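Undergrad: sequence plus predicted model, see below.
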Amino acid sequence: MQSVTTSLPVVDSYSDESADEKCEQAFCIGAIIAGAHHWTPIQEEWRRRLNGLDYFSTKDYRTLGGPFQKLIRECASLNAARKRAEAIRADLEDVLLSVDWWGGFGVVVPIADYRAIFHTSPFARHIYKDRARLLANDVPYCVQGAARDARPGSRRRLLH
C-alpha cells in the first residue's frame with residue numbers, strides 16, 4: 001500500500017453584509033477571499049489605517065454607528081465625522097488595492113424570492129426557520145465553499 005499525502009489550501013474570507021433600511025428589497029453579502037498566508041502582510045496595515053476603530057462595517061460607516069460613533073464625539077460635528085469616516089474608508093480601499101492576490105464575490109438575496117420559497121416549501125420552512133440563519137450563516141458558507149471549489153482544475157465553477 002502506497003501512502004499519499006495531499007495538502008488542502010486554506011481559504012480565509014472577510015465579509016460584510018448590507019440590506020435596504022427595512023430589509024424589504026434585498027440582502028447582500030460581499031467578501032474578499034484569499035489563501036490564509038496572504039492576509040498576514042496586510043492585516044497590520046489595515047489595523048493601522050482603521051485609526052483606532054475596532055473594525056470596519058459598511059453599515060456602521062454609512063450611519064456613523066458602531067465604532068464610528070466616536071468620530072462624532074472627536075470631530076464635534078456630523079459633517080467633520082463623515083469626512084473622517086470617508087477618509088478611513090478610502091485608506092482601507094487603498095490597502096486592498098495595494099495587492100493583487102485576492103478575489104472577491106458578492107451574493108444578493110432578493111427578499112421577495114426568499115419569502116416566496118419560504119412560504120411555498122415545507123423543506124425551506126424547516127431549514128430556514130428564521131431569516132437571520134439564512135442570511136448570516138448559510139449563504140456565506142455556501143458561497144465560500146463554492147469559491148474554494150472554483151480554483152483552477154476544479155470541476156465546479158462559480159456562476160457570474
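TA: Received the coordinates, thanks.
Undergrad: the residue most central in space within the chain and Phe123: what is the separation?
TA: Centroid check for the chain by Cα atoms, centre = their mean gives Ser15 as the closest residue, at 1.5 Å. Ser15 sits 26 Å away from Phe123, going by Cβ to Cβ, to the nearest Å. Where you see a C-beta, it was placed from the backbone N, CA and C, and this is true even at glycine.
Undergrad: and the next helix or strand past the longest helix along the chain?
TA: In the chain, with assignment by DSSP state H, the single longest helix is helix 78-97. Sequence-wise, the next helix or strand downstream of helix 78-97 (DSSP states H and E) is strand 103-110.
Undergrad: which strands and helices sit next to that next one?
TA: Helices and strands touching strand 103-110, by 3 or more Cβ pairs under 8 Å, 6 or more residues apart in numbering; DSSP states H and E, are strand 26-35, helix 139-149.
Undergrad: ok now the shortest one, how far from the chain's centre?
TA: To tie it back to what came earlier, the one meant is strand 26-35. Relative to the centre of its chain, strand 26-35 is centred 4 Å away, using Cα atoms, centre = their mean, to the nearest Å.
Undergrad: quick one, it and helix 78-97 angle?
TA: With axes from the mean of the first three to the mean of the last three Cα atoms, to 10 degrees as the basis, strand 26-35 and helix 78-97 are set at 40 degrees to each other.
Undergrad: which parts of strand 26-35 are buried?
TA: Neighbour counts using 16 or more other Cβ atoms under 10 Å place 27-29, 31, 33-34 of strand 26-35 among the buried residues.
Undergrad: need these in TSV (columns: pLDDT).
TA: Formatted as TSV, these follow (pLDDT from 0 to 100):
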residue	pLDDT
Phe27	80
Cys28	83
Ile29	82
Ala31	85
Ile33	84
Ala34	82
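Undergrad: burial check on Leu50, number of neighbours?
TA: By other Cβ atoms under 10 Å, the residues close to Leu50 number 16.
Undergrad: tell me if I'm right that it and Ile88 touch.
TA: Yes. With contact defined as Cβ atoms under 8 Å, Leu50 counts as touching Ile88 (6.8 Å).
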